[in-house]
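A.B. asks: Provided below are the primary sequence and the corresponding predicted coordinates.
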Amino acid sequence: MPGSTKSMGVLTVGTLVVITAYTVALGSNGWLWFGWVVLGLVTLGMAASRSS
């Protein structure tokens, strides 16, 4: 896994942790979860394009 894809994976997981903590503390925010899903899809796309 190249460095940029690995960095995106770490960013995606870190963002998931932050959004989960925000949801527990202050309640759910749909836009945050939507943004995280988009970030996850971009990360998966990068990983798929690098492996082929």
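C.D. replies: Structure received.
A.B. asks: residues in contact with the closest residue in space to residue 46 that isn't next to it in sequence?
C.D. replies: Spatial nearest neighbour of residue 46, chain neighbours left out: residue 5 (4.9 Å); criterion: C-beta to C-beta, 6 or more residues apart in numbering. Just so you know, the C-beta spots here come from the backbone N, C-alpha and C atoms, and that holds for glycine as well. Remark: with contacts taken as C-beta atoms under 8 Å, 6 or more residues apart in numbering, residue 5 is in contact with 43, 46, 47, 50.
A.B. asks: try residue 12
C.D. replies: 36, 39, 40, 43.
A.B. asks: which of those count as buried?
C.D. replies: 36, 39, 40, 43 (16 or more other C-beta atoms under 10 Å).
A.B. asks: Which element, helix or strand, includes the third one?
C.D. replies: When you say that, I think you mean residue 40. Under the criterion of DSSP states H and E, residue 40 resides in helix 30-51.
A.B. asks: Could you report the distance from the residue nearest to the spatial centre of the chain to residue 6?
C.D. replies: In the chain, the centroid-proximal residue (C-alpha atoms, centre = their mean) is residue 12; its distance is 2.6 Å. Counting by C-beta to C-beta, to the nearest Å, the gap from residue 12 to residue 6 is 11 Å.
A.B. asks: Now do the SS call for residue 28.
C.D. replies: coil (DSSP: H, G, I helix; E, B strand; the rest coil).
A.B. asks: That one: neighbour count?
C.D. replies: By the criterion of other C-beta atoms under 10 Å, residue 28 has 10 neighbours.
A.B. asks: Could you do residue 45 as well?
C.D. replies: Residues near residue 45, counting by other C-beta under 10 Å, number 12.
A.B. asks: May I have the predicted confidence score for it?
C.D. replies: Residue 45 is assigned 92 on the pLDDT scale.
A.B. asks: ok, now residue 5?
C.D. replies: pLDDT recorded at residue 5 is 84.
A.B. asks: so which helix or strand takes in it?
C.D. replies: Using DSSP H and E, residue 5 falls within helix 3-26.
A.B. asks: and that helix with helix 30-51, angle?
C.D. replies: 160 degrees (axes from the mean of the first three to the mean of the last three C-alpha atoms, to 10 degrees).
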